[in-house]
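Colleague: no sequence for this one, just the structure:
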């Protein structure tokens, strides 16, 4: 074999060697519990289960906030999660005790909150599921200033509560369920 | 708020029309695979096309391609170096890509690219080193210090330029280029497959996808080589080999006819098969993509080049004019392929899984995946090419012996 051919044989051998080292390394680097149940790390299941719960349910709030609960459960927002509007359970309660107050939205913050779900501009929402309003149009129809916030007419926890009560008193309009 | 927009939206919300024409799931509003994922098939495509030119010379003995064969290899190499860049930039946690490569799974195609890429990189590097060995040996003799060491490593420490040694190199080059063809086909076929394999997306999910990607890859790569060749030669004040340009254009014509036919065949098969989501695909091509697909991709960037290529094939033209038109056609075709990638990747994501609504894509300038990033990434291969040019001379000097 000529010197040149020898060098090339050497190159081929080192490529094979590098591939071999690569495969050994790969085998070494794969986490131990990988593939026990499927193509994932079996330990990941335990690790995920250790995560601290962030969210409770609406029922988790009812025990301490009975007043809001009774209103909420009767209104059109009964299917909405308290935590969507207020923040997570874990920020408020730990081991059954209050650790911090959840922020309570005020004024225009409330309008912003309502429009996250009820804005006509967000075309992704089907009107069959959520009734939407265009804010200016809606307020003009009610003959009020554009600075009105949503909660001046709608009870935040049961949005049609006051409106239906007013309708009953005046008897002017049909009462919605 | 814009009053007309406001009026339109309130009107929409009252009628059922919004439900049918404009319902987009919240998680479909945003186009997740954006410009980086357009760039990824574009760059691998350039690599493939350039490699085809090299293969035509080194394996199929198309002698007229000699002036650009070596350059095509370097060009392919420079772009291959950057092929993973857009993907890594797209990932939120790029360092995790190695985890994926550690545990490839037959039920997920993503890791496949890492392996295919590694193999093509290996094959292409060795082809370059073997093709350039005689030059490197000679440069190594003149070099000093570190450069001498570098040249020694790049020539596998063998300065044997005898007839026998070069014949052996020739055989190895042939073997590697032969191996490189299926590897290049898999590399880019894979990219098409990654889209074709997304069953949830009716515009992507066709078996034609890898084929279309492959042919358009050849188109873009060959066009890029033609333009780069003409520009670099002209800047250096050198002559352009018109025989070589003519062969390139003929090859380009062949591949472009195939690519364009398959692109149209895909539209045809969509509209003939009329599968469950056909209304969405049809609406997409005639709605949000009406101008970028029909006007730009088909009419401007495909029909015009076809006419030009036809003229070049049938009308005898002077070399200078032929070269000028070649540059023009190649530029249009480079754009065609880019628009095609855009229409497939971004276009395919403009429809909601609700099958009822379309969304929009707004490219940003300064974003991880913005226009500025696109420009920077497309510049890097040229910088690499420039640096490579210092070690590997682009153009072959007249050489008597060996496979040059």
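Modeller: Nice, I can see it. Remember, it's a predicted structure, so these values are computed and weren't measured experimentally.
Colleague: from chain A, how far out is the residue nearest to residue B:292 when sequence neighbours are not counted?
Modeller: Spatially, and ignoring its direct neighbours in sequence, residue B:292 is nearest to residue B:343 (5.6 Å; CB to CB, 6 or more residues apart in numbering or on different chains). Every residue, glycine included, has its C-beta placed from N, CA and C. Going from residue B:343 to chain A by CB to the nearest CB, to the nearest Å gives 24 Å.
Colleague: quick one: residues contacting residue B:343.
Modeller: Listed by CB atoms under 8 Å, 6 or more residues apart in numbering or on different chains, the contact partners of residue B:343 are B:289, B:292-293, B:297.
Colleague: equivalent analysis for residue B:89, please.
Modeller: B:36, B:368-369, B:373, B:377.
Colleague: recalculate using a threshold of 6 Å.
Modeller: Taking CB atoms under 6 Å, 6 or more residues apart in numbering or on different chains, we find residue B:89 in contact with residue B:36.
Colleague: residue 130: what's it in contact with?
Modeller: I'll assume chain A. residue A:117.
Colleague: chain B, not that one
Modeller: B:169, B:172-173.
Colleague: how does it look with 7 Å?
Modeller: For residue B:130, the contact set (CB atoms under 7 Å, 6 or more residues apart in numbering or on different chains) comprises B:169, B:172-173, B:176.
Colleague: point me to the residue of the stretch 301-404 of chain B nearest chain A.
Modeller: The stretch 301-404 of chain B approaches chain A most closely through residue B:357 (7.8 Å), counting by CB to the nearest CB.
Colleague: give the closest residue to the residue positioned nearest the centre of chain B in space, chain neighbours not counted.
Modeller: By CA atoms, centre = their mean, chain B has its centre lying nearest to residue B:45, at 2.0 Å. Using CB to CB, 6+ apart and skipping the chain neighbours, the partner closest in space to residue B:45 is residue B:217 (3.4 Å).
Colleague: thought the one you found was touching residue B:188?
Modeller: Yes. Using CB atoms under 7 Å, residue B:217 is in contact with residue B:188, at 4.6 Å.
Colleague: what about those two, which has more around it?
Modeller: residue B:217 (33 against 28; other CB atoms under 10 Å in any protein chain shown).
Colleague: residue contacts, that one?
Modeller: So residue B:217 contacts B:44-45, B:48-49, B:188 (CB under 7 Å, 6+ apart).
Colleague: pLDDT at it, what is it?
Modeller: In this prediction, residue B:217 carries a pLDDT score of 96.
Colleague: with the one 3 residues further on instead?
Modeller: Residue B:220 is assigned 97 on the pLDDT scale.
Colleague: can you check residue B:107 too?
Modeller: 83.
Colleague: ok, and the closest non-adjacent residue to it?
Modeller: Excluding its sequence neighbours, the residue lying closest to residue B:107 (CB to CB, 6+ apart) is residue A:39, at 7.0 Å.
Colleague: residue A:56 now?
Modeller: Closest to residue A:56 by CB to CB, 6+ apart is residue A:89, at 3.5 Å.
Colleague: thought the one you found was touching residue A:63?
Modeller: No. In this structure residue A:89 lies outside contact range of residue A:63 using CB under 7 Å: 11.8 Å.
Colleague: residues near residue A:85, how many?
Modeller: Applying other CB under 10 Å, I find that residue A:85 has 18 neighbouring residues.
Colleague: what are the phi and psi values for it?
Modeller: In this entry, residue A:85 is assigned phi and psi values of phi -90, psi -20 (degrees, to the nearest 10).
Colleague: for it, which non-adjacent residue is spatially closest?
Modeller: residue A:113 (6.1 Å).
Colleague: name the helix or strand for that neighbour, please.
Modeller: For residue A:113, the enclosing helix or strand under DSSP states H and E is helix A:108-118.
Colleague: same question for that helix: list its buried residues.
Modeller: Across helix A:108-118, burial judged by 16 or more other CB atoms under 10 Å in any protein chain shown covers A:110-111, A:113-115, A:117-118.
Colleague: which residues does residue B:87 contact?
Modeller: By CB under 7 Å, 6+ apart, the contact set of residue B:87 is residue B:40.
Colleague: least trustworthy helix or strand in chain B by mean pLDDT?
Modeller: Within chain B, no helix or strand scores below helix B:17-21, which has a mean of 32 by mean pLDDT, DSSP states H and E.
Colleague: so how far is residue A:4 from residue A:161?
Modeller: Taking CB to CB, to the nearest Å as the measure, residue A:161 falls 92 Å from residue A:4.
Colleague: who's more crowded, the two?
Modeller: Neighbour count, other CB under 10 Å: between residue A:161 and residue A:4, residue A:4 has more, with 21 against 17.
Colleague: okay, buried residues for whichever helix or strand comes after the helix holding residue A:113 please.
Modeller: Counting by DSSP H and E, the next helix or strand C-terminal to helix A:108-118 is helix A:135-141. By 16+ other CB under 10 Å, the buried positions in helix A:135-141 come out as A:135, A:138-139.
Colleague: try stretch B:376-386
Modeller: Under the neighbour-count criterion of 16+ other CB under 10 Å, stretch B:376-386 has B:377-378, B:381, B:384-385 buried.
Colleague: stretch B:305-323 now?
Modeller: Neighbour-count burial for stretch B:305-323 [16+ other CB under 10 Å]: B:305, B:308-309, B:312, B:317, B:322-323.
Colleague: what's the local residue count around residue B:125?
Modeller: Using other CB under 10 Å, residue B:125 is surrounded by 14 other residues.
Colleague: residue boundaries of the strands in chain A?
Modeller: For chain A, applying DSSP state E gives strands covering A:93-94, A:97-98.
Colleague: check the stretch 251-400 of chain B too.
Modeller: B:356-357 (DSSP state E, counting those that start in this stretch).
Colleague: so where's it uncertain?
Modeller: Residues of the stretch 251-400 of chain B that meet the criterion pLDDT under 70 lie in B:397-400.
Colleague: could you rerun that using 90?
Modeller: The stretch 251-400 of chain B contains residues with pLDDT under 90 at B:273-280, B:287, B:352-360, B:362, B:367-368, B:395-400.
Colleague: follow-up on the earlier one: for the strands of chain A, which one ends up most surrounded?
Modeller: Highest mean neighbour count among those (mean count of other CB atoms under 10 Å in any protein chain shown): strand A:93-94, with a mean of 14.
Colleague: what sits up against that strand?
Modeller: Counting by CB under 7 Å, 6+ apart, residue A:99 sit against strand A:93-94.
Colleague: so what strands line up beside that strand?
Modeller: Note on strand A:93-94: by DSSP bridges, its sheet partners are strand A:97-98 (antiparallel).
Colleague: state the mean pLDDT of the partner strand.
Modeller: Mean predicted lDDT for strand A:97-98 stands at 92.
Colleague: ok, residues contacting that strand?
Modeller: Residues contacting strand A:97-98 (CB under 7 Å, 6+ apart): residue A:92.
Colleague: now do that strand: distance to the chain's middle.
Modeller: 23 Å (CA atoms, centre = their mean, to the nearest Å).
Colleague: circling back: these two touch, right, the residue of the stretch 301-404 of chain B closest to chain A and residue B:23?
Modeller: Yes. When contacts are counted by CB under 7 Å, residue B:357 is listed as touching residue B:23 (4.4 Å).
Colleague: OK, contacts around residue 83?
Modeller: Defaulting to chain A. Counting by CB under 7 Å, 6+ apart, residue A:83 touches A:55, A:89.
Colleague: wrong one, I was asking about chain B
Modeller: Counting by CB under 7 Å, 6+ apart, residue B:83 has contacts B:43-44, B:47, B:117.
Colleague: redo that, cut-off 6 Å
Modeller: B:43-44.
Colleague: if I look at it, how far off is chain A?
Modeller: 20 Å.
Colleague: would you list the phi and psi of that residue?
Modeller: Phi and psi for residue B:83, reported as degrees, to the nearest 10, are phi -60, psi -30.
Colleague: quick check: residues of chain A near chain B?
Modeller: Within chain A, the residues that sit near chain B (CB under 6 Å from any CB of the partner chain) are A:3-4, A:7, A:11, A:26, A:29-30, A:39, A:120-121, A:123-124, A:126-127, A:132, A:134, A:137.
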